[in-house]
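*Asks:* Quick check, what structure comes out for this input:
(2 chains)
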There are 2 protein chains.
Amino acid sequence: MQIRPATVSFDIAPYLEARRRIINRSLEKALKKRVKPGRLFDAMAYALLAPGKRLRPILCLAAAEVVGRPHSGVMAAACALEMIHTYSLIHDDLPAMDNDAIRRGRPTAHIQFDEATAILAGDALLTLAFEMLADAFRRSKSRPELWLQVIFEVSRAAGAQGMIEGQMQDIAAEGRGLSLERLQKMHCLKTGALIEASVKAGAVLAGADAGQMRQLKIYSKNIGLAFQVTDDILNVEGDPKLMGKAAGTDQCRKKSTYPGLMGLEESKRFAAHLVNNALQSLRFFDTKANPLSGLAEYVIYRKR
Amino acid sequence: MQIRPATVSFDIAPYLEARRRIINRSLEKALKKRVKPGRLFDAMAYALLAPGKRLRPILCLAAAEVVGRPHSGVMAAACALEMIHTYSLIHDDLPAMDNDAIRRGRPTAHIQFDEATAILAGDALLTLAFEMLADAFRRSKSRPELWLQVIFEVSRAAGAQGMIEGQMQDIAAEGRGLSLERLQKMHCLKTGALIEASVKAGAVLAGADAGQMRQLKIYSKNIGLAFQVTDDILNVEGDPKLMGKAAGTDQCRKKSTYPGLMGLEESKRFAAHLVNNALQSLRFFDTKANPLSGLAEYVIYRKR
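*Replies:* Numbering: from 1, shown residues only, chains lettered A, B, ... in the order given. Coordinates of the predicted model:
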């Protein structure tokens, strides 16, 4: 299958750059508005404002765009999603978990500060995400039920039936071989759930109907998995300088990965197949879907 | 000042016992409904269903009762508050924080399981609390805005301007002397904020008016502080068997405490004074306030 030509005309790089800039500004503003200066603020800002891809907030905004006009509340949701993602990185990097020293090109939070501060900064970012979501409805034009739906979806995706369970399974699997099926299930929880929730949050807040939601669900399921397959590929052949974190770590830890289970070339074909599925689901929409199409391609062609 | 006689006729012990039983059942039900069996569930259940005082959920229910008729949604909020409290205990007990081995009469979560599991179980309980709150409005009779208000208040109280900042200050103060003023500020954040939010959540959901909210705020501010002063007193002269945790730990860690700063007897007088303030604020209500009065007295006469 071919990637549809329409997306070729849309240049994703400047779009991503512009979105990252506005998201970074919003994240900084939100943090300064809601947290007083001090060590806790410093640790939260250190992790949150480090150079990240901002994939989840960008997906949230792009999903709102494809459905309708994103109102100011959508940016609050986008920021909340990045806060949750950042908290999960801080906690995953802790000595008791993955014990990583480098993240987003800098020392991890527990190295830069200390373990207690890192745990609390993670807790605080998770909590702040829900504060943002609960507070946003006052300034947005969407109905309060929609915000409660978003809080519900995001908490499910981030919680014990989503991201956290994925991390539990990931830790438990270290050093033991996983079947492809178990690996996929783990990744759907650990990474996929929050990516799906990001797309869903934007769509819900922009007032998506059932048909639109269905297509966006197919889209997000496919790019969520493609993202993880690509992460595994980058861990094998990526440039640590561009990624801002170490490569080759999966093999050292004897982690099950897609390249390990299906080979490098087959993994790349699989990722391309998933992205193609995602692009197919967007045929439902008009040119407003160009950013989502570009994002789907970015997910596998990225260097970090 | 005398504690008003009306409260004497109300026996708080059976009330607390009955409430604890129904809260424990609801907590267990919520957990089983929302988290699949496995190691993460086990760690969450281990910490959450351990014998606790259930002060925050009981305050939430009693505050709803004093204002009106508590609907089924209030119990969901009460459970969410206990989940947040439990997560904070799990994380505070971690080796990188207070490094405590015994809690609620049992080995702490990181001893019983392992550190990674304890961190994730804490994260999952915090996240589950927001899932409960966002989901509860569907089954309750209150308006969606009220639930968003509760989520906002609870996240503020639990977050970087509340409980988590209090824990940061507590860790930073270890081994250094704090002034009484700084000690009080720290406790208002660490313990007071969530106790206040518990009372507020119940009152908001039951439809409290501005006058009722004002009185309940005075009530909760006073018992929140009285609770902490009593905790410090119990750490000096409490029975570890009844408390389910070690005594004398504050002195070992050179923590600033009320008995340390104002002496044991003066601390007791101060706690009684605070409880009296709380009781005064309840004069605004009729006999429906008996449970809240009894709770205020329980806060300082408890043995654990």
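*Asks:* Okay, now the unreliable bits of the stretch 101-250 of chain A?
*Replies:* Under the criterion pLDDT under 70, the flagged ranges of the stretch 101-250 of chain A are A:141.
*Asks:* Show me where it has its helices.
*Replies:* For the stretch 101-250 of chain A, the helices defined by DSSP state H, counting those that start in this stretch cover A:109-112, A:115-139, A:144-158, A:163-173, A:180-187, A:193-205, A:210-237, A:240-243, A:249-252.
*Asks:* Around chain B, which positions in the stretch 151-300 of chain A sit nearby?
*Replies:* Residues of the stretch 151-300 of chain A lying near chain B by CB under 8 Å from any CB of the partner chain: A:151-152, A:155-156, A:158-161, A:164-165, A:167-168, A:171-172. For glycine as for every other residue, the C-beta is placed from the backbone atoms N, C-alpha and C.
*Asks:* again, 7 Å this time
*Replies:* When proximity is defined by CB under 7 Å from any CB of the partner chain, the stretch 151-300 of chain A lies next to chain B at A:151-152, A:155-156, A:158-161, A:164-165, A:167-168, A:171.
*Asks:* one step back: closest to A:Leu40 out of the helices of the stretch 101-250 of chain A?
*Replies:* Shortest distance between A:Leu40 and these, using CB to CB, is found for helix A:115-139: 6.1 Å.
*Asks:* Determine if any part of the closest one is in contact with chain B.
*Replies:* Yes: residues of helix A:115-139 contacting chain B under CB under 7 Å from any CB: A:115-116, A:119-120, A:123-124, A:126-128, A:130-131, A:134-135, A:137.
*Asks:* Give the other helices and strands that that helix contacts.
*Replies:* In terms of contacts (3 or more CB pairs under 7 Å, 6 or more residues apart in numbering or on different chains; DSSP states H and E), helix A:115-139 is packed against helix A:12-34, helix A:39-48, helix A:72-93, helix A:109-112, helix A:144-158, helix B:115-139, helix B:144-158, helix B:163-173.
*Asks:* Can you give me the buried ones in that helix?
*Replies:* A:115-137 (16 or more other CB atoms under 10 Å in any protein chain shown).
*Asks:* And for stretch A:182-193?
*Replies:* Buried-residue list, stretch A:182-193, by 16+ other CB under 10 Å: A:Leu183, A:Gln184, A:Lys185, A:Met186, A:His187, A:Cys188, A:Leu189, A:Lys190, A:Thr191, A:Gly192, A:Ala193.
*Asks:* Three-state assignment for the closest residue in space to the first one that isn't next to it in sequence, please.
*Replies:* Excluding its sequence neighbours, the residue lying closest to A:Leu183 (CB to CB, 6 or more residues apart in numbering or on different chains) is A:Ser256, at 5.1 Å. When the structure is split into helix, strand and coil by DSSP: H, G, I helix; E, B strand; the rest coil, A:Ser256 lands in coil.
*Asks:* Isn't A:Ser256 up against A:Gln184?
*Replies:* No: with contact defined as CB atoms under 7 Å, A:Ser256 does not reach A:Gln184; the gap is 10.3 Å.
*Asks:* follow-up on the earlier one: would you turn the residues of helix A:115-139 next to chain B into a markdown table with distance to A:Asp286?
*Replies:* Listed next are these as a markdown table, based on distance: CB to CB, whole Å:
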| residue | distance to A:Asp286 |
| --- | --- |
| A:Glu115 | 50 |
| A:Ala116 | 51 |
| A:Ile119 | 46 |
| A:Leu120 | 46 |
| A:Asp123 | 42 |
| A:Ala124 | 41 |
| A:Leu126 | 37 |
| A:Thr127 | 39 |
| A:Leu128 | 36 |
| A:Phe130 | 34 |
| A:Glu131 | 36 |
| A:Ala134 | 34 |
| A:Asp135 | 33 |
| A:Phe137 | 29 |
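*Asks:* Tally up the residues packed near the residue nearest to A:Leu183, please.
*Replies:* 20 (other CB atoms under 10 Å in any protein chain shown).
*Asks:* Report the contact partners of it.
*Replies:* Each residue near A:Ser256 by CB atoms under 7 Å, 6 or more residues apart in numbering or on different chains is listed here: A:Ala173, A:Gly177, A:Leu178, A:Leu183.
*Asks:* could you redo the last one with a cut-off of 8 Å?
*Replies:* Counting by CB atoms under 8 Å, 6 or more residues apart in numbering or on different chains, A:Ser256 touches A:Ala173, A:Gly177, A:Leu178, A:Arg182, A:Leu183.
*Asks:* same deal with A:Phe152?
*Replies:* B:Glu131, B:Ala134, B:Asp135.
*Asks:* Switch the residues you listed over to TSV; also include distance to B:Leu205.
*Replies:* Below are the contacts of A:Phe152 laid out as TSV (distance: CB to CB, whole Å):
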residue	distance to B:Leu205
B:Glu131	17
B:Ala134	14
B:Asp135	14
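*Asks:* of those residues, closest to A:Thr86?
*Replies:* B:Glu131 (19.9 Å).
*Asks:* What does the residue nearest to A:Leu183 show for phi and psi?
*Replies:* The phi/psi pair for A:Ser256 (degrees, to the nearest 10) reads phi -70, psi 130.
*Asks:* Would you mark the buried spots in stretch A:44-55?
*Replies:* The neighbour-count check on stretch A:44-55 (16+ other CB under 10 Å) flags A:Met44, A:Ala45, A:Tyr46, A:Ala47, A:Leu48, A:Ala50, A:Gly52, A:Lys53, A:Arg54, A:Leu55 as buried.
*Asks:* so the fourth one touches A:Thr86, yeah?
*Replies:* Yes: using CB atoms under 8 Å, A:Ala47 makes contact with A:Thr86 at a distance of 5.2 Å.
*Asks:* Overlap in contacts, these two.
*Replies:* Joint contacts of A:Ala47 and A:Thr86 (CB under 8 Å, 6+ apart) are A:Leu125.
*Asks:* Need the residue closest to the centroid of chain A.
*Replies:* Taking CA atoms, centre = their mean, the centroid of chain A lies closest to A:Arg56, which sits 3.9 Å from it.
*Asks:* which residues sit in contact with that one?
*Replies:* A:Ala78, A:Leu81, A:Glu82, A:His85, A:Leu194, A:Ile195, A:Ser198.
*Asks:* repeat that for 10 Å
*Replies:* By CB atoms under 10 Å, 6 or more residues apart in numbering or on different chains, the residues touching A:Arg56 are A:23, A:78, A:80-86, A:194-195, A:197-199, A:201.
*Asks:* Quick one: neighbours of A:Ser26, just the number.
*Replies:* What A:Ser26 shows, counting by other CB under 10 Å, is a neighbour count of 18.
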